[in-house]
Every structure is written in C-alpha cells, then in structure tokens.
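Peer 1: with the input below, show me the fold.
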Amino acid sequence: MRIATYAAVGLLAILLGLGGGYLFWGARVTDLSQKMERDRSEHNYRIAEMEQRVKGAEERARQEREARKVLEDELHRVRPLK
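Peer 2: The predicted model follows:
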C-alpha cells in the first residue's frame, strides 16, 4: 500500500509540475505571440513608408530626366552640333 501511495503522490507531483510549466510557458508564448504581431505590424508600416519614399524618388528622377531632355533639345536647337 505504501508503494501505491508513493507512486500516486509522485504521479500527482509530476502532473502538478507539468501543469505549472504549461501555464507558465503558455502565458509566455502568448506574450511572445502578441509581441511578434506588434513587431510585424511595425515592420509592415516601415516597409510601406519606405515604398512611398522610393516611389517619390523614382517620380522625381523621371521628372528630372524629362527636364534634362527638354533642356538638351533646346540647347541643340540654339547651338546645333556640327
């Protein structure tokens, strides 16, 4: 009977330990999941912001190319190459 009691107490201790560990790590995993979601949201915002900057820079470069083309055409009209 004593062996059965010790086995039951040991099994109960193991189950309590596993349950406590599950609760501890479960709470930690939930916190990490929420942190990852916040980080993902922040990174997506930064990526969108950088994409807008790139589009703006590309538009400015296109406008500068067009202006340079117009100036070169005017220059060639005023002072044609021989």
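Peer 1: show me the helices in this structure, by range?
Peer 2: Using DSSP state H, the helices of the chain run over 2-78.
Peer 1: pLDDT weak spots in it?
Peer 2: 23, 82 (pLDDT under 70).
Peer 1: same thing but at 90, please
Peer 2: 1-33, 75-82 (pLDDT under 90).
Peer 1: how many neighbours does Gly17 have?
Peer 2: Residues contacting Gly17 under the criterion other C-beta atoms under 10 Å number 10. From N, CA and C alone the C-beta is placed, and that goes for glycine too.
Peer 1: how near is it to Gly10?
Peer 2: 11 Å (C-beta to C-beta, to the nearest Å).
Peer 1: and if you look at Arg28?
Peer 2: Arg28 is 27 Å from Gly10, where distance means C-beta to C-beta.
Peer 1: and if you look at Phe24?
Peer 2: 21 Å.
Peer 1: Leu32: neighbouring residues, count only.
Peer 2: By other C-beta under 10 Å, the residues close to Leu32 number 11.
Peer 1: same question for Tyr22.
Peer 2: Residues near Tyr22, counting by other C-beta under 10 Å, number 10.
Peer 1: show me what contacts Asn44?
Peer 2: Listed by C-beta atoms under 8 Å, 6 or more residues apart in numbering, Asn44 has no contact partners.
Peer 1: with Glu58 instead?
Peer 2: For Glu58, the contact set (C-beta under 8 Å, 6+ apart) is empty.
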